[in-house]
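**Student:** next one to model:
(chains A and B)
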Amino acid sequence: MTAVGLPMTRRLDARGIRRALFVVLFGAIVLTWLIFHDQMTLPHDDDYPLFKSLNSVRDWANDNRSILEPIRTGLGAIVSFFNDLIASLGWPGVIGLAGGLAMLFSGLRLTILVAAGFASLGVLGLWDPAMETLALMLASVVIAIVIGLPLGILAGRSDRATAFLSPILDVMQIMPTLAYLVPVTALFFIGAAPAAVATLIYALPPAVRITSLGIRGVPGTSVEAARSLGSTDRQVLSKVQIPLAMRAIGLGINQTIMLALSMVVITGLIGAPGLGRNLTIALSKVNVGQAFEAGLAIVILAIIMDRLTYAASEWLDPRTRRLRRGGRWISIGAPLAILGAGLIAPAFVNATQFPDAIQVSLEDAVNAMAEWITDTFSPITIAIKDVITAVVLNPLEAVLTSAPWWLVITFGALVAWYVSGRRPAIVAAICLAIIVLLGVWNHAMVTLANVLVATLLCLVIGVAVGVQTARHDRLKATLRPILDLAQTMPAFVYLIPALALFQPTRFTAIVAAIIFAIPPVIRLVDIGIRSVPATVVEAARASGATDRQLLWKVQLPMSMRALLLAANQGIVMVLSMVVIGALVGAGALGYDVITGFAQGEDFGKGLAAGIAIVLLGIMLDRITQGAGSRRRAATARAG
Amino acid sequence: MRHVRLGRWFAGMAVVVLVVTGCAKSSGATEAPATASAATGGGGAASSQPSTGPAASQGVAKATCQGSGDKGDVKMMINQWVGAEANVAVAQCLLQQMGYKVETSTLAEQPAWQGFDTGEVDVILENWGHPDLEKHYIADTKLATDAGPNGVTGIIGWYVPGWMIDKYPDLADWHNLNKYADMFKTSESGDKGQFLGSDPTFVQYDEALITNLGLNYKDVFSGSEAATIKAFQAADKNKTPLIGYFYDPQWLQNEIKLVQIKLPPYTPGCDKDLKKVACDYPPYILNKIVRTKWLDSAGAAGTFIKNFKWGNKDQNEVADLITNKKMSDEDAAKQWIDEHPDVWQAWMPSS
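**Tutor:** I've put the predicted structure just below:
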């Protein structure tokens, strides 16, 4: 609010100087490009020597694998423990257990939702694979909690631990999953154990991060109060910090479960049983309907687990402890009754196999609908693809690939400096320089062009939609399930219709990335616009601002931080789709990763490309994050 | 407050106790019918494979895929293409008839070979030449053994949808490709014609071919088999021009008409230097790979796998039933087994 206040004049001067400097340097870079373009461009070379030496990493792993054998068997045992548990419960037992927990944590509504959700897995005819996926996910999540919570608590209490863990967690999250599936299979072979490891790598970070945030979020006054009453460090942790952080910890586990579910799909590629296997098979038959059913089962599992863990974290939070109507005995008795019913049911029905009679198939209906959509819209969508490719994507790619590598590094550093500051500029320069050394420069530039265009489109659409949902509650409510679906539905499902609409092209990959990345962007824009104080909006209206002025002069500028966060989230999520996008024609780094996964002699190239994607991610993340904190700092100083 | 917390603990404990007792009880209950029917063995618990339970469709076909399941285990790998699924469906059905218990897993090619090391894979029924893996697993470590050709010949080539040849008959010869280059332009190929390469991991040297034959085309990868199939389906349906890398056996060959373009014929050695190559792809004799230790103790199943040999037509037939007729693997296998006893009876061990 104070950003336009009078005390800012001096700062504005500094900013003006910076802007002038930026414009001058930008001009210089454009000139240099005009002179030097198509020189020193580092074309792609498949036989770059580093790729060969990276191959030796795999050979080393092959030779020393036996050390990891105990871990492998241990993980296998945990997964099969959950498999056995679920198998022995039978389908009525699983429904009874989940329903009982839902009753205990929340109430009848959730119980019905959970029971109906599980039953629908059976109705879809996917009970067995869904339970295999559930077992794999539970095993990974349990391990993630055992490792993640202590780390999170440590990071919550020590800045040094945070500084140490944070970059590692970054890498774990941005590294494309296919890039580490290869090393993981090299170390742990195929099957359930490596799937658990891969899932763990992907799903652990939020458990650590959110727990640490929760511990840090415990009010200092509570901690002080406990200390002044003579509590030891340990007592403060166990009696104050952990209980008060319970809700955050619950949220962390919730996020871990969601990520684990999205990962178990990809682990189908390395022989993990479950819905991932159904999806890979459906993809090889180009059968949208079949893929949709498996995807829907994953979405249903995700919804159940999401609501259950959310209810559990509320139930565990001492601050929201609610006394339920009917008192303690009903709140305990009802869950037990539901569980009991589930456990007794096997006496009356066949618990091992879900009844065939009540199964339905959506396959044909979905296939028919997908065909209608592609037949009707593909002329339009192909035209859109052609225009955007010709006007935005091709020129950007041409500039990035034709510029000398040192010029791109300079330009990257300049932009980072202008938007976010000195440290992000250094980070950007280092990241780009390492990409040069990795020997994947040309492909990295093509991928960068794709990622930038995808993020840009994502932001344009996201802001347009987010502004509307912030204005209309009903639109927001209608959109919510669609956004949830877009985020949880495995990309494999919508790749095939996307192919039919846009042909196998770079743009198809961009579309897939947008579908995946847009939900958080819309949500963040919505939150940002809604959190502009009503008084400010009123004041603007009172002084005669039109809707459009209100949006451009008040709401968007005031939610700039939310917008930057949206950009940041958008970029990170778009990057995580680079490899999936390669399946529909994205090319460049994504192909290198896929080839490395499939062909032994290309392992090194795939690994180098995987690292390059991480580096691009770190660079773009730091630039957008830095922009956020610079604004924060500026407002803080000004205010 | 304290009471509430106690109640919560009590509830938690009660849930645990109930689950444990429930497990014990219901696992006892599930074991009884499993042992009684002695169907596919193993019981429900540890096996991850949805077993071929009481077949509802037994009336449809004469063949069954049931057996005693007590002769031993066979772990078969299904590569991620439907042809491989067809191989395994038929072999699995017959092996089960013989009394073996068959477990299958679906894997990418590269990780699949690692299963020979761990014992998680006994049989790969269709191997498309992986010299590096063959060297490591067969020649160096002797973990795997070549079990001979599976009878299928892999044909790789350049294909166009059938309607294009009807309309432009001379397109079938590569000499005329430049004449039509403009027709194949897309957003990805700039001012050249687009040649649709396939999955970047497949064996291919189209880029070198295009250069060495002096063609005005650009090799653009589709990214995956699914993407290529979708592109050919669209080109067939909407009559849009498309030329690209494809192969046989593949179920799409039964669904739409694809015509192979005549390239300079393959002669042994013409593909030796991939930078100078200017000839068609060689025919691939696809072979079976088995785990050596398994083969040593597998008995009749080992002989069966070694004998397993059919043709492109057979495989496409089963793959077509699975993909386009939407049959389950088992039903498709049964139908083929009913119709072609002459083929599969030769695989059965003579004893």
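**Student:** let me know how buried residue 87 is, in neighbour terms.
**Tutor:** If you meant another chain, say so; for now it's chain A. Neighbour count of A:Ala87, defined by other C-beta atoms under 10 Å in any protein chain shown: 26. All C-beta atoms are positioned from the backbone trio N, CA, C, and that covers glycine.
**Student:** wait, chain B
**Tutor:** Counted with other C-beta under 10 Å, the neighbours of B:Asn87 add up to 30.
**Student:** report the distance from the stretch of helix or strand A:Thr401 belongs to to the chain centre.
**Tutor:** Per DSSP states H and E, A:Thr401 falls inside helix A:394-402. Taking C-alpha atoms, centre = their mean, to the nearest Å, one finds helix A:394-402 lying 28 Å from the centre of the chain it belongs to.
**Student:** go through it and flag the buried ones.
**Tutor:** Residues A:Asn394, A:Leu396, A:Glu397, A:Val399, A:Leu400, A:Thr401 are the ones in helix A:394-402 that count as buried (16 or more other C-beta atoms under 10 Å in any protein chain shown).
**Student:** stretch B:143-162 too?
**Tutor:** Applying 16+ other C-beta under 10 Å to stretch B:143-162 flags B:143-145, B:147-148, B:150-152, B:154-161 as buried.
**Student:** re earlier: show me what the helix holding A:Thr401 is packed against.
**Tutor:** Packed against helix A:394-402 by the contact rule (3 or more C-beta pairs under 8 Å, 6 or more residues apart in numbering or on different chains; DSSP states H and E) you find helix A:441-471.
**Student:** I'd like the mean pLDDT over the next helix or strand after the helix it packs on, please.
**Tutor:** Remark: after helix A:441-471, the chain's next helix or strand is helix A:473-488, criterion DSSP H and E. Confidence over helix A:473-488 (mean pLDDT, whole number) is 83.
**Student:** sorry, back to before: make CSV from the buried residues of helix A:394-402 and add pLDDT to it.
**Tutor:** What follows is those, written out as CSV (pLDDT from 0 to 100):
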residue, pLDDT
A:Asn394, 88
A:Leu396, 89
A:Glu397, 88
A:Val399, 86
A:Leu400, 87
A:Thr401, 85
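**Student:** export these to CSV and tack on distance to B:Lys262?
**Tutor:** CSV is the format used below for those (distance: C-beta to C-beta, whole Å):
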residue, distance to B:Lys262
A:Asn394, 34
A:Leu396, 40
A:Glu397, 35
A:Val399, 41
A:Leu400, 40
A:Thr401, 35
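**Student:** so which of those residues comes closest to chain B?
**Tutor:** Nearest to chain B, judged by C-beta to the nearest C-beta, of the buried residues of helix A:394-402 is A:Asn394 at 8.0 Å.
**Student:** contacts only, for that closest one.
**Tutor:** By C-beta atoms under 8 Å, 6 or more residues apart in numbering or on different chains, the contact set of A:Asn394 is B:Ser187.
**Student:** report the central residue of chain A.
**Tutor:** By C-alpha atoms, centre = their mean, the mean C-alpha position of chain A lies nearest to A:Met573, the distance being 5.6 Å.
**Student:** let's see the pLDDT reported for that one.
**Tutor:** Confidence score, pLDDT, at A:Met573: 82.
**Student:** can you point out the buried residues in the helix or strand containing it?
**Tutor:** Assessed by DSSP H and E, A:Met573 sits inside helix A:560-575. Along helix A:560-575, these residues count as buried under the neighbour rule (16+ other C-beta under 10 Å): A:561-575.
**Student:** next one: phi and psi at the nearest residue to A:Val579 once chain neighbours are set aside?
**Tutor:** Of all residues not flanking A:Val579 in the chain, A:Pro176 sits nearest, at 4.2 Å (C-beta to C-beta, 6 or more residues apart in numbering or on different chains). Here is the backbone geometry of A:Pro176 (degrees, to the nearest 10): phi -60, psi 140.
**Student:** which parts of chain B are helices?
**Tutor:** B:2-37, B:82-97, B:109-118, B:131-133, B:162-167, B:206-212, B:225-237, B:252-255, B:292-298, B:300-307, B:312-323, B:329-339, B:341-344 (DSSP state H).
**Student:** got the contact list for the residue nearest to the spatial centre of chain B?
**Tutor:** Geometric centre of chain B, nearest residue: B:Ala84, 2.5 Å, by C-alpha atoms, centre = their mean. Residues near B:Ala84 by C-beta under 8 Å, 6+ apart: B:Ile78, B:Leu125, B:Glu126.
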